[in-house]
Each structure stands twice: as structure tokens, then as C-alpha cells.
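> Sequence first, then the predicted structure, then my questions.
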Amino acid sequence: MSALELIHNHDLWRKGTGGAPAGVAGESDANAYAGLDLDRITFTSSGFSGSSFSATTFRDAVWTGCRFVACTFTGCDFARLALQGCAFTDCRFERCTFGAARLADSQFLRCTWNDAVFHEGHWHRLRWLDCTGTRLAAWRLRGEDNDFTGSHFEDMEFEGALLNGAMR
């Protein structure tokens, strides 16, 4: 089954109108998605190139070893997302929230971040390389061994955040 079918079936399952819970593994995708409930979906070793997600929820989702190139995320909710070993290149994140998300061992290369909110999350060994953005906010964010080389962010509000301290 294609990534498109798996993703739409997962949305149907979440909305109680059929479908089935999805795990998208080893798939490629370049589709547009809007208004989907993809809570608890798993993406493993999958590639997304030119895909767009708008007004989509990814609460309690797990993404491992995935690659995202030139993808757009607009108005998405990533609450409690568990991200491990993923790479994002030339992606855009607009008006997205990452409440209590756990992001680890991943890279964001030349990504754009606007109106993004991170709170009570954990960042571990993230590489934010040559990224840009405006209006980023975070509170009680904890991180360790993060690299922001070449990145430039404006209008940031971080309260009670520790981005490169020892994790406890």
C-alpha cells in the first residue's frame, strides 16, 4: 500500500470512519495533505520530498530515520512527537506547535521556522544548520549538545529554557 493510502487510512481510523492505524515504513511520498488527524502515526525510514501538510495533527506520533526534503508544514500540531534520527532539508514550518516534543539526533538544514512554539520539550543532539525564522517561542525547553551553526532567528521569546545544558 502506498504512503498516500496508509496516511489517509490512518486519518479515517482516527476519525472513527474506517481505515486502520498506520505505520509508514520505507515509503516515498510527494503528496499534499490538509486537515488530517495523524495522531499516533509512525513513520520509519521513509522519504518525503515536496510533501505538504496543513492543519494536520501529529500528536504522540513517532518518526524514526526519515528524510524530508522541501516539505511544508503549516498550522500543524506536533504535541509529544518523538523524533529520532531524521533529516529535514529546505523545509518550512509555519505556525506549528511542538508541546512536550522529544527531538533527538536529527538535522534541520536550511529550514525556515515562522511562528513556531516549543514548550516543555527536549532537544538532544539536534543540528539546526543555516536555518532562519521569526517569532519563535519556548518555555521550559531542555536541550543538550545542540548546534545552531549558520542559523539566524529573530523575535525569539525563550523562558526558562536551557538549550545546551546537562540533561537530568
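Here it is on my side, so go on.

> which residues touch F53?
The neighbourhood of F53, defined by CB atoms under 8 Å, 6 or more residues apart in numbering, consists of 33-34, 36, 71-74, 76. In short, each C-beta sits where N, CA and C put it, glycine included.

> could I have stretch 146-159 exported to PDB, CA atoms only?
This file holds the C-alpha atoms of stretch 146-159, laid out as PDB (Å, rounded to 0.1, in the frame of the first residue of the first chain):
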ATOM      1  CA  ASN A 146      22.600  21.300  20.000                       C
ATOM      2  CA  ASP A 147      24.300  23.100  17.100                       C
ATOM      3  CA  PHE A 148      22.900  26.300  15.500                       C
ATOM      4  CA  THR A 149      25.800  26.900  13.100                       C
ATOM      5  CA  GLY A 150      24.900  29.500  10.400                       C
ATOM      6  CA  SER A 151      21.300  29.900  11.700                       C
ATOM      7  CA  HIS A 152      19.600  33.300  12.200                       C
ATOM      8  CA  PHE A 153      16.400  33.700  14.200                       C
ATOM      9  CA  GLU A 154      14.600  36.900  15.000                       C
ATOM     10  CA  ASP A 155      11.900  37.800  17.600                       C
ATOM     11  CA  MET A 156      12.500  34.900  19.900                       C
ATOM     12  CA  GLU A 157      11.000  34.500  23.400                       C
ATOM     13  CA  PHE A 158      12.500  31.700  25.400                       C
ATOM     14  CA  GLU A 159      11.600  31.500  29.100                       C
END
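
> average pLDDT across that stretch?
The average pLDDT for stretch 146-159 rounds to 95.

> Check which residues of it are buried.
Judged by neighbour count using 16 or more other CB atoms under 10 Å, the buried positions of stretch 146-159 are 148, 151, 153.

> Just give me how far that stretch sits from the chain centre.
Between the centre of stretch 146-159 and the centre of its chain there are 17 Å (CA atoms, centre = their mean, to the nearest Å).

> Make 31 the starting number, not 1.
From this message on, residue numbering opens at 31, which makes the last subject stretch 176-189.

> Among the contacts of F83, name the buried ones.
The neighbour count (16+ other CB under 10 Å) marks 63, 66, 101-104, 106 as buried among the contacts of F83.

> for the residue most central in space within the chain, what are its contacts?
With distances taken as CA atoms, centre = their mean, the residue of the chain nearest its centroid is F108 (6.2 Å). By CB under 8 Å, 6+ apart, the residues touching F108 are 88-89, 91, 126-129, 131.
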